[in-house]
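**Student:** please find the sequence and the predicted model below.
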Amino acid sequence: MEWLYMHMPIAGVNIFWPGLVLIGFAVGVIGGFFGMAGAWMVTPGLNILGFPMAFAIGTDMAHIAGKSMISTVRHSKFGNVDYKLGIVMLAGTMIGIECGAQIVMHLERLGNLGSVVRWVYVLLLLLIAWMVFYDYAKAVNKKKKGITGEHGTEGITWYKTMHKINIPPMMHFKAAGITCSFWLPTMVSLITGILAGFLGIGGGLFRMPALIYLIGCPTHISVGTDLFEVMISGLYGAFTYALKGRIEMVAVFVMLTGAAVGAQIGTIATKYAKGYGIRIVFGCAVLCCMISIILKQFKFNAASAVIILGAISVICIVIIKVMVSGAANELREKRNAKNSAA
C-alpha cells in the first residue's frame, strides 16, 4: 500500500495523500458554507496525518490563502461582502497574525508547541460550541414567547452593548446595516489575528462568531466579509511562515485541487440555508473537531483520524444535500410561476 503515501520533501515525512485530497475538498465545501477558510480543521488534520505541528500551521496558512480567494469571489457575486468593514479590520489582523507567529516560533524553540496548540484549540472550540448552542436555545425560547427584535428572533445580543461604545470615529457599514465605533472591529480583528497566527488558521473560526455576536452583522454578511478577511490574512500568514521555512508546498497543491471544487458547492449552499441552520451545523463541526484533537493528545491517533475525516465527510454530505434540495425547490417554484403566468 506504499502507493497511497506521498513523500513531503521539506517536512521529510510520508503522508497518506487521499487524506489530503479529502481534507482539501471538505474544507472547500465547509469553508464556503460557514464563511471561513476551514483551517481550524486543517491544522489538526495535517498534524493527525503526520505533519510536525509547525509545518501543519505553515502549510495550512498557504492553503487557506488560495482557497479563500475562490470563496470570496463567489460570495461577492451574492452581495455578501461588506468591503468597508473588511478593510477597517485589516490592520489589526496583520499585526495580530505576526504576534501569533512569533509566539509559535518561541514555543517551538522550547519544544512544547504541539501540546500547547492542541489544548488552546480544545478550550476555544469548547467556548465557541457553547456559544453557538446557547444562542440557539435562547433564540428558540424567545420565539416561543413571541419576543422579536429588529432582526427577527435573536439569541445572544452582545452587539447591542458593544454598539453603546461611542469612542470616535463612528462608522456606518452599509452592507452590514450597522453603525459602531471604529475601534470595535479594530480590536476584534487584533484579537482574532493573534489567535489566527498562533493556531495557523485564517481567523474565521473566531471572527465569524465575533462578527455576529459582538459587531452585529447578519449571518450571510458575516460569512462573506469574513472570507474576504481570511483571504488577506491568509496571504500575509503564508508570507511570514514561508520566510520561516515551515510550508510544505506539495501538500498545499494537493489540497487546493479538492478545495477549488468544494468551495463552489459550499458557497452556493449558503443561498438555501437559514441563519440558525448554518450556526447549528457549524456547532456540530466544532464539537467533532474538538474531540479528535483530545484523542490525538492522548495518542489515540487512529480514532482521532477516523473522527476528523468521518465528521467532515458527513457535514459535506449535509451541505451538498442542502444545495441540491434548495436548487430543486427554486427550479420548481420558477416552473410553477411560469405555468401560472401562461
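**Tutor:** All right, it came through fine. Numbering: from 1, shown residues only.

**Student:** in what helix or strand does the residue nearest to Ile97 when sequence neighbours are not counted lie?
**Tutor:** Nearest residue to Ile97 in three dimensions, chain neighbours excluded: Gly197, at 3.8 Å (Cβ to Cβ, 6 or more residues apart in numbering). Quick note: C-beta positions are derived from backbone N, CA and C, even for glycine. In this structure, Gly197 sits in helix 183-199 according to DSSP states H and E.

**Student:** show me what that helix is packed up against.
**Tutor:** The contact analysis (3 or more Cβ pairs under 8 Å, 6 or more residues apart in numbering; DSSP states H and E) places helix 183-199 against helix 83-88, helix 90-110, helix 113-145, helix 204-210, helix 219-243.

**Student:** do you know the pLDDT at the residue nearest to Ile128 when sequence neighbours are not counted?
**Tutor:** Closest residue to Ile128 apart from its sequence neighbours, by Cβ to Cβ, 6+ apart: Val286 at 5.4 Å. Per-residue confidence at Val286 stands at 78 (pLDDT).

**Student:** secondary structure class for Val286?
**Tutor:** helix (DSSP: H, G, I helix; E, B strand; the rest coil).

**Student:** wait, doesn't it sit right on Trp130?
**Tutor:** No. Val286 lies out of contact with Trp130 (Cβ atoms under 8 Å); the separation is 9.7 Å.

**Student:** the two - which one has more neighbours?
**Tutor:** Neighbour totals were compared for Val286 and Trp130, and Val286 leads with 26 against 13 (other Cβ atoms under 10 Å).

**Student:** any idea how far the more buried one is from Val122?
**Tutor:** Val286 sits at a distance of 11 Å from Val122 (criterion: Cβ to Cβ, to the nearest Å).

**Student:** residues shared between the contacts of the two?
**Tutor:** Counting by Cβ atoms under 8 Å, 6 or more residues apart in numbering, Val286 and Val122 have no common neighbour.

**Student:** contacting residues for the residue nearest to Met187 when sequence neighbours are not counted?
**Tutor:** Nearest residue to Met187, sequence neighbours excluded (Cβ to Cβ, 6+ apart): Gly92, at 6.9 Å. Contact analysis of Gly92 by Cβ under 8 Å, 6+ apart lists Pro185, Thr186, Met187, Val188, Ser189, Leu190, Gly193.

**Student:** 6 Å - rerun?
**Tutor:** When contacts are counted by Cβ atoms under 6 Å, 6 or more residues apart in numbering, Gly92 is found next to Thr186, Ser189, Leu190, Gly193.

**Student:** got a pLDDT number for the third one?
**Tutor:** When you say that, I think you mean Leu190. At Leu190, pLDDT is 87.

**Student:** now swap in the last one and tell me
**Tutor:** In the predicted model, Gly193 carries a pLDDT score of 82.

**Student:** residues near the nearest residue to it once chain neighbours are set aside, how many?
**Tutor:** Nearest non-adjacent residue to Gly193, counting by Cβ to Cβ, 6+ apart: Gly96, 2.1 Å away. Gly96: 22 surrounding residues under other Cβ under 10 Å.

**Student:** and Gly96, what does it touch?
**Tutor:** Leu190, Gly193, Ile194.

**Student:** now with 10 Å?
**Tutor:** Gly96 makes contact with Ser189, Leu190, Ile191, Thr192, Gly193, Ile194, Leu195, Ala196, Gly197, Phe198, Gly203, Ser233 under the criterion Cβ atoms under 10 Å, 6 or more residues apart in numbering.
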